[in-house]
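Visitor: sequence first, then the predicted structure, then my questions.
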2 protein chains.
Amino acid sequence: MATSTKQAYTPLNEQTVIELSQKLGLFSDYRSIEVNEIGDGNLNLVFRLVEPSTQKSVIIKQALPYAKVVGESWPLTLDRARIESDSLKKFAEFASEHVPQVLYTNNDLAVTVMEDLSSHVILRKGLIDGVTYPNLAQHIGTFIAKNLFYTSDFYLHPFEKKRLVQQFTNPELCKITEDLVFTDPFYDIETNDYPAELQDAVSELWNDSALRNKAARLKLKFLTHAEALLHGDLHSGSIFVTEESTKVIDSEFAYYGPQGFDIAHFFANIAMNHIAQRAHIKDGEKRAEYQLYLSGLIRDTWITFTDTYKELWRNEGVELATKLPGFEDEVLESIFTDMVGFAGCEVIRRTIGLAHVADLDSIADFDEQIILKKKALKLGRDWIKNKQRIKNIEEFITSIRSV
Amino acid sequence: MATSTKQAYTPLNEQTVIELSQKLGLFSDYRSIEVNEIGDGNLNLVFRLVEPSTQKSVIIKQALPYAKVVGESWPLTLDRARIESDSLKKFAEFASEHVPQVLYTNNDLAVTVMEDLSSHVILRKGLIDGVTYPNLAQHIGTFIAKNLFYTSDFYLHPFEKKRLVQQFTNPELCKITEDLVFTDPFYDIETNDYPAELQDAVSELWNDSALRNKAARLKLKFLTHAEALLHGDLHSGSIFVTEESTKVIDSEFAYYGPQGFDIAHFFANIAMNHIAQRAHIKDGEKRAEYQLYLSGLIRDTWITFTDTYKELWRNEGVELATKLPGFEDEVLESIFTDMVGFAGCEVIRRTIGLAHVADLDSIADFDEQIILKKKALKLGRDWIKNKQRIKNIEEFITSIRSV
């Protein structure tokens, strides 16, 4: 029998991260390494290590055994570090250009050493600043299509698929989504967070029993449909970009879920930016131009996604059903319908739930912020309730543009 | 560290089962124990041990590391013994009266010691013989409702539900269902088994691309929808009955799947018996009476199932969605629709696939057997293709009665 090599968890500090980098042989001159802790301290320690002479740098990320949100602190599994590094490695098997390279992981210490992406900015910040990214749609559409297809029953042997479902069982992080995305915003629950000026709109939402039932059905899909390995939290704050490069990070919510989920979160966050730009870009012409870029981003992402998915299906489908005429269209239609509903939940929870988005919250004029948040709520509600009536990506885009 | 206590697998024999019973202290006089191996030798060894002086008896079941079907032999996981005993114990938590009591399990040896049910007969035999069971509908309807509800996200904490999904991950046995129920019968695959006289009907089925797509969608549900712990093979050969008692056995196919699956298999097998009775019971009046019993069995099982499920939902629902008005009806409607489709797959595979049912195969007049098998195929096809059009249990019964 092998003796146990389990290490006791202790939080890293500026000295021990250098020792770790030395143990791993990441640099040549360890006396000169510069260390900065750049995490927000709420969930993870994030150290950036730079060797000045070579300008070589790495990120050492360590999960903390708790989460802090608005002053509250609650215990949170360290297993999320394993999920994050395992999922990044799995995504790298087919889309290595769109995830940071994982250099080392230690599950006992909840540590991941990975490629430094400091040359990139967080997409949410870029979108709020009105920056356009010409390759983003192509990159994200490809990334999502490959992840979904290559981890699904259409491609994998069922034994391997079921092994992956077990590997990516992620109860604690899923519970956060189950509560904060699918439950709390639809009930008068204290985690919700919105200004009094939204109370009428929120009460109207809570009194809409058809909406609640539809949201409950979407939650059931999230709870039970183990279709493909998802990133699980693919909003614009989980994507690092430059003009040429797109890197998806922070995959600790990864689990086997419904295929429409990730793309829904990506689209919902672009839609919220689209709404918020009415306040951020004062020049009407410039605003119209940027909003056109955003709707094009959604269109092009969807087209890339479906084209890539269909190509993989035709060329690499293993499951016999991939040979059935028209079956990929049925699958893509149900991904689309689920996507519209999931996007609705994301917009609602980001407007009145615990975790907001800077796109809307940073609107300086409070009255304008309230008006636009009401419009966001209306859009989210419409998506959840009428998801079967929105038939294609053009109708989805129209629903955003006509807000 | 604990030292390993793993035992090497060896098949039991008449001597070693008595030694095992002695080790477990099951009897008082071990010299007198009578042993009979009553398994069919294809999948499991099944020993019945009786102590003549007390008439006390037990069953000792041991999985064999292979499966034999029509002369072929292929390796099959011993883990199915663990799945069977674990699922029987789980079912016993809420429906102990409808499963054999598990007295001992040893996963290394793939052995389960359980209550002897020799006073019961296999339901399939009883139905072929035209016997009525006045409590069967009540028992099976209750059994299925409790299993589904108490292992679902409506009742369990999501952590416990996900733990059970992992515990009951059952890739090898699920693969048998994925292949033999959902795939092979819809393609020209050599595992299929039917007489040449059915070739026209079978070819017609294979040329029906709408049917194939619907069957593929049902397979996807089986592969991905982890809604509740299923028995996984609940046909009339997996149920032991007397007039008063109903015991569900052979749960080695148990896994987390779509809620409509088990009840579909129960109904499909009753429907095939209903069809076969046209040949078995020659007296028209007696036949009509028995077929009325069979359709009543389906109706009463469904009513008991839905009543029990709704009562559990109302009284013991934990998930907030169980408080939403009308939501249980939506859930039961989708269970019903899935049921119709799954039942269709079961009827087709039992008619032309690898594993048949005695109800149809034992029809002595070959021409009549072919006629009735064609009718079964037509019914199965109709269920798969028109499952959304069959709205309620009365329409489902009508579809069987009008065969």
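Guide: All right, it came through fine.
Visitor: how about the strands in the stretch 151-300 of chain A?
Guide: Assigned by DSSP state E, counting those that start in this stretch, the stretch 151-300 of chain A shows strands spanning A:228-230, A:239-241, A:246-248, A:255-257.
Visitor: just say which of those is most tucked in.
Guide: Neighbour counts (mean count of other Cβ atoms under 10 Å in any protein chain shown) averaged over each of the strands of the stretch 151-300 of chain A peak at strand A:228-230, with a mean of 28. From N, CA and C alone the C-beta is placed, and that goes for glycine too.
Visitor: in the helix or strand of chain A with the lowest mean pLDDT, what counts as buried?
Guide: Least confident element among the helices and strands of chain A, by mean pLDDT, DSSP states H and E: strand A:66-69 (a mean of 80). The neighbour-count check on strand A:66-69 (16 or more other Cβ atoms under 10 Å in any protein chain shown) flags A:Ala67 as buried.
Visitor: that one pairs with which strands?
Guide: Partner strands for strand A:66-69, per DSSP bridges, with pairing direction: strand A:72-75 (antiparallel).
Visitor: report the distance from the strand it pairs with to the chain centre.
Guide: What separates the centre of strand A:72-75 from the centre of its chain is 22 Å, taken as Cα atoms, centre = their mean, to the nearest Å.
Visitor: hey, C-alpha coordinates of it in CSV?
Guide: Taking Å, rounded to 0.1, in the frame of the first residue of the first chain, the C-alpha atoms of strand A:72-75 are listed here in CSV:
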residue,chain,number,x,y,z
GLU,A,72,-20.8,37.7,5.4
SER,A,73,-18.5,34.7,5.4
TRP,A,74,-19.5,31.1,4.9
PRO,A,75,-17.5,27.9,4.5
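Visitor: return the residues of the stretch 301-403 of chain A in contact with chain B.
Guide: A:320-321, A:324-327, A:330 (Cβ under 8 Å from any Cβ of the partner chain).
Visitor: just give me the residue closest to the centre of chain A.
Guide: Central residue of chain A (Cα atoms, centre = their mean): A:Leu234, 1.4 Å from the mean position.
Visitor: pretty sure that residue contacts A:Val248?
Guide: Yes: in terms of Cβ atoms under 8 Å, A:Leu234 counts as a neighbour of A:Val248; the distance is 6.9 Å.
Visitor: need the longest helix for chain A.
Guide: Taking DSSP state H as the criterion, chain A has its longest helix at helix A:284-316.
Visitor: mean confidence score for that one?
Guide: Helix A:284-316 carries an average pLDDT of 98.
Visitor: against which helices or strands is it packed?
Guide: Counting contacts by 3 or more Cβ pairs under 8 Å, 6 or more residues apart in numbering or on different chains; DSSP states H and E, helix A:284-316 packs against helix A:136-150, helix A:261-280, helix A:327-352, helix A:393-401.
Visitor: now do the contacts for A:His98.
Guide: Under the criterion of Cβ atoms under 8 Å, 6 or more residues apart in numbering or on different chains, the neighbours of A:His98 are A:91, A:139-140, A:142-143, A:246-248.
Visitor: A:Leu360 too?
Guide: Contact analysis of A:Leu360 by Cβ under 8 Å, 6+ apart lists A:272, A:275-276, A:350-351, A:369, A:372-373, A:376.
Visitor: so which of those is the most crowded?
Guide: Using other Cβ atoms under 10 Å in any protein chain shown as the neighbour test, these are led by A:Met272, with 30 neighbours.
Visitor: any idea how far A:Arg401 is from that one?
Guide: A:Met272 sits 14 Å away from A:Arg401, going by Cβ to Cβ, to the nearest Å.
Visitor: ditto for A:His231
Guide: According to Cβ to Cβ, A:His231 stands 27 Å off from A:Arg401.
Visitor: more neighbours, the two?
Guide: Between A:His231 and A:Arg401, counting by other Cβ under 10 Å, A:His231 is the more crowded of the two (28 against 13).
Visitor: that one against A:Ser87, yeah?
Guide: Yes: with contact defined as Cβ under 8 Å, A:His231 and A:Ser87 form a contacting pair (7.3 Å).
Visitor: now list whatever residues contact both of those two.
Guide: A:251, A:254.
Visitor: ok, and the closest non-adjacent residue to the residue nearest to the centre of chain A?
Guide: A:Asp262 (4.3 Å; Cβ to Cβ, 6 or more residues apart in numbering or on different chains).
Visitor: which ones are touching that neighbour?
Guide: A:Asp262 touches A:144, A:147-148, A:230-232, A:234, counting by Cβ under 8 Å, 6+ apart.
Visitor: nearest to B:Ile390, of those?
Guide: Distances from B:Ile390 to these, taken as Cβ to Cβ, are shortest for A:Leu148 (32.3 Å).
Visitor: excluding chain neighbours, what is closest to the residue in the stretch 251-400 of chain A positioned nearest to chain B?
Guide: Using Cβ to the nearest Cβ, the single residue of the stretch 251-400 of chain A nearest to chain B is A:Ala321, 3.8 Å away. Nearest residue to A:Ala321, sequence neighbours excluded (Cβ to Cβ, 6+ apart): B:Ala216, at 3.8 Å.
Visitor: from B:Lys89, how far off is the one you found?
Guide: Distance, B:Ala216 to B:Lys89, using Cβ to Cβ: 35 Å.
Visitor: which of the two has more neighbours?
Guide: Remark: of B:Ala216 and B:Lys89, B:Ala216 carries more neighbours, 21 against 15, as counted by other Cβ under 10 Å.
Visitor: isn't the more buried one up against A:Phe327?
Guide: Yes: judged on Cβ under 8 Å, B:Ala216 makes contact with A:Phe327 at a distance of 5.9 Å.
Visitor: quick check: residues of the stretch 51-200 of chain A near chain B?
Guide: Counting by Cβ under 8 Å from any Cβ, the residues of the stretch 51-200 of chain A that sit close to chain B are A:153, A:158-159, A:161-163, A:165-166, A:169, A:171-172, A:174-175, A:178, A:183, A:187.
Visitor: make it 7 Å
Guide: A:153, A:158-159, A:162, A:166, A:169, A:171, A:174-175, A:178, A:183, A:187 (Cβ under 7 Å from any Cβ of the partner chain).
Visitor: now, the residues you listed that are in helices?
Guide: Taking DSSP H, the ones among those that sit in helices are A:158-159, A:162, A:166, A:171, A:174-175, A:178.
Visitor: buried ones only from those residues, please, as a ChimeraX command.
Guide: Selection of the buried residues among those in ChimeraX, burial being defined by 16+ other Cβ under 10 Å:
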select /A:158,162,171,174,178
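Visitor: among the ones in helices among the residues of the stretch 51-200 of chain A next to chain B, find me the one that's closest to B:Tyr309.
Guide: Nearest member of those to B:Tyr309, counting by Cβ to Cβ, is A:Glu178, at 22.2 Å.
Visitor: grab the nearest non-local neighbour of A:His274.
Guide: Leaving aside its chain neighbours, A:His274 sits nearest to A:Leu294 (4.6 Å; criterion: Cβ to Cβ, 6+ apart).
Visitor: list the contacts of the residue of the stretch 101-250 of chain A found nearest chain B.
Guide: Nearest to chain B in the stretch 101-250 of chain A, going by Cβ to the nearest Cβ, is A:Ala216, at a distance of 3.8 Å. By Cβ atoms under 7 Å, 6 or more residues apart in numbering or on different chains, the residues touching A:Ala216 are B:321, B:324, B:327.
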